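Q: how would this look folded up:
(2 chains)
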There are 2 protein chains.
Amino acid sequence: MNTKKYRVGEGGKLKLSAFKTNETGKGSEAEALARIDARRPRLAALQERLYAEGQQSLLMVLQARDAGGKDGTVKHVMYGLNPQGVTVTSFKVPTPLELSHDFLWRVHAVAPAAGMMAVFNRSHYEDVLVTRVHGLIGEAEVKRRYEHIRAFEALLNGGHTRIVKLYLHVSKEEQKQRLQARLDDPEKRWKFNVGDLKERERWDDYTKAYEDTISATSSRTAPWYVIPADHKWFRNDLIGQILQDTLENMNPQFPEPDFDPRTVEIK
Amino acid sequence: MNTKKYRVGEGGKLKLSAFKTNETGKGSEAEALARIDARRPRLAALQERLYAEGQQSLLMVLQARDAGGKDGTVKHVMYGLNPQGVTVTSFKVPTPLELSHDFLWRVHAVAPAAGMMAVFNRSHYEDVLVTRVHGLIGEAEVKRRYEHIRAFEALLNGGHTRIVKLYLHVSKEEQKQRLQARLDDPEKRWKFNVGDLKERERWDDYTKAYEDTISATSSRTAPWYVIPADHKWFRNDLIGQILQDTLENMNPQFPEPDFDPRTVEIK
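A: Predicted coordinates for the structure are as follows:
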């Protein structure tokens, strides 16, 4: 599975309309599900090495519109990983304490330690998306925040952290169906937020905000991927592959002991 | 599977020698593994309800001697749960900052929020075990800390947190075999700590410290279980059952919406 075509290059101007939301690749759903299952043991093995090595970490940033599939991605793509090596942070509306700091303060606090994988379900990117769409910050501040984000991510990169950023790309019609499903299914209703309908009215403003943001902050070391996300199975397969490719490339190793095991006697 | 016989009552004086380390129950290993697999979807469903409800939380405290199976328990018992709803904290030797606070400070900070499951891999109990065995605190301080622990756990209980404490009970011979395996297997060697051999020499001191601690801190609302842990499959099956029973008893529910879904129209 070639993931490169979904990766956003550095510089240039992204148009989301150039990306399909309903792509399914070449194979069938059954093939994708088989591939996802077959990938799990390898992901778990790579994660164990990452943890054992304790030198590198991986940060996966998930952004999407409401009902875009962030929770589902965590649930399905992370399934089977050892929770001891994974932290998932769901960023909500900032608290008064968080607002009394700069916008990266709460994010920096939960950056992954060496050996760990961290998932941000929403992230610091909300601070250049929802704030901008609602006019809470002006264009000049948006630009300043892009700079701050680039510097922050370079800081993490310069340490031990590999960063992968995923925009889950769904169509307006698919969002409608998912929101309706949340209304109709009592077991999904807790996920329905009346406020999401207000955000939906600003669909085009969000499109523009995402395009500018992804264009301004995709880099070689902290790339964005635009993930066709109308079909959950395709989304899960593609993200699983990106996760695996990234970990393979990081190539974590079990550490060498700082002693000679043959000299140790257990009484 | 009846878990009650492994539960330690309130008051009284526990003797670990009264508990077998190599118990395997009535069934075979194959039956236990099938039961573990069959339990996973139910655990995942209960966890989703706990998260959706957002009113209660579950804290699982894992204590054991070195190589007692704490990491393996997290890996195998938590397998398949949604990492978005689980935090695992591995407590290490306290940092200077942590030591500049009371011993419950770092623990309180990572207590589970409503809707969450938290696992403590080691815990505040180290502060009445390793510290006592090494003579860092005296008997009077041990007693005071028992009181502080009881009060702290009552505070969590009085909020929304159910507490389950597990002592993984392995024999001295089983520990020897596991430490040897860590020496022999290059993929396990990173887990070997030469210092563990020094702790092993204090086996009987730890036995006494565990007996006193478990006796002093097992309560109806925050019970200890002594888990026969020589056989990993039996340990995983038993802990899975305790986890399921606890969640079933908490009986989390999907929340009712605070709006009438029939009146909502998605445009």
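Q: And the helices in chain A?
A: A:29-53, A:70-77, A:96-99, A:105-108, A:130-133, A:139-158, A:172-184, A:195-201, A:203-217, A:232-250 (DSSP state H).
Q: and the stretch 101-250 of chain A, which of its residues are near chain B?
A: A:119, A:121, A:176, A:179-180, A:183-184, A:186-187, A:189-192, A:194, A:197, A:200-201 (Cβ under 8 Å from any Cβ of the partner chain). For the C-beta atoms, the positions are set from N, CA and C on the backbone; glycine is no exception.
Q: now with 7 Å?
A: Residues of the stretch 101-250 of chain A lying close to chain B (Cβ under 7 Å from any Cβ of the partner chain) are A:Asn121, A:Lys176, A:Leu179, A:Gln180, A:Leu183, A:Pro186, A:Glu187, A:Arg189, A:Trp190, A:Phe192, A:Val194, A:Leu197.
Q: Tell me who's in contact with the first one.
A: It stands for A:Asn121. A:Leu62, A:Lys70, A:Asp71, A:Val74, A:Val88, A:Thr89, A:Ser90, A:Phe91, B:Gln84 (Cβ atoms under 7 Å, 6 or more residues apart in numbering or on different chains).
Q: If you rank these by neighbours, which is first?
A: A:Leu62 (26 neighbours; other Cβ atoms under 10 Å in any protein chain shown).
Q: Run through the bridge partners of it.
A: Taking DSSP bridges as the rule, A:Leu62 bridges to A:Asn121, A:Leu166.
Q: Go ahead and confirm it touches A:Lys70.
A: Yes: using Cβ atoms under 7 Å, A:Leu62 is in contact with A:Lys70, at 4.7 Å.
Q: one step back: from the residues of the stretch 101-250 of chain A next to chain B, which single one is nearest A:His231?
A: A:Lys176 (15.8 Å; Cβ to Cβ).
Q: Skipping adjacent residues, who's closest to that closest one in space?
A: B:Ile266 (5.3 Å; Cβ to Cβ, 6 or more residues apart in numbering or on different chains).
Q: hmm, back to that, now which of the residues of the stretch 101-250 of chain A next to chain B would you call buried?
A: Neighbour counting by 16 or more other Cβ atoms under 10 Å in any protein chain shown classes A:Asn121, A:Leu179, A:Gln180, A:Leu183, A:Arg189, A:Trp190, A:Phe192 among these as buried.
Q: of all the residues you listed, which comes closest to B:Pro252?
A: A:Trp190 (11.2 Å).
Q: which non-adjacent residue is nearest that closest one?
A: Using Cβ to Cβ, 6+ apart, the nearest residue to A:Trp190 is B:Ala52, at 4.5 Å.
Q: how about the one you found, what does it touch?
A: A:Trp190, B:Phe254, B:Pro255 are the contacts of B:Ala52 under Cβ under 7 Å, 6+ apart.
Q: As TSV, those residues with distance to A:Asn22 would be great.
A: Shown next, in TSV, are these (distance: Cβ to Cβ, whole Å):
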residue	distance to A:Asn22
A:Trp190	27
B:Phe254	30
B:Pro255	32
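Q: Kindly reformat these as a markdown table containing distance to A:Leu97 and pLDDT.
A: Formatted as a markdown table, the contacts of B:Ala52 follow (distance: Cβ to Cβ, whole Å; pLDDT from 0 to 100):
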| residue | distance to A:Leu97 | pLDDT |
| --- | --- | --- |
| A:Trp190 | 26 | 95 |
| B:Phe254 | 30 | 97 |
| B:Pro255 | 26 | 95 |
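Q: between the residues you listed, which is nearest A:Gly9?
A: Distances from A:Gly9 to the contacts of B:Ala52, taken by Cβ to Cβ, are shortest for A:Trp190, at 39.2 Å.
Q: OK, contacts around that closest one?
A: Per Cβ under 7 Å, 6+ apart, neighbours of A:Trp190: B:Ala52, B:Phe254, B:Pro255.
Q: before we move on, what about A:Ile163?
A: By Cβ under 7 Å, 6+ apart, the neighbours of A:Ile163 are A:Leu59, A:Val61, A:Glu153, A:Leu156, A:Asn157, A:Ala222.
Q: With distance to A:Ser218 added, can I get the buried ones among the residues of the stretch 101-250 of chain A next to chain B in JSON lines?
A: Converted to JSON lines, those look like this (distance: Cβ to Cβ, whole Å):
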{"residue": "A:Asn121", "distance to A:Ser218": "20"}
{"residue": "A:Leu179", "distance to A:Ser218": "29"}
{"residue": "A:Gln180", "distance to A:Ser218": "33"}
{"residue": "A:Leu183", "distance to A:Ser218": "35"}
{"residue": "A:Arg189", "distance to A:Ser218": "36"}
{"residue": "A:Trp190", "distance to A:Ser218": "34"}
{"residue": "A:Phe192", "distance to A:Ser218": "32"}
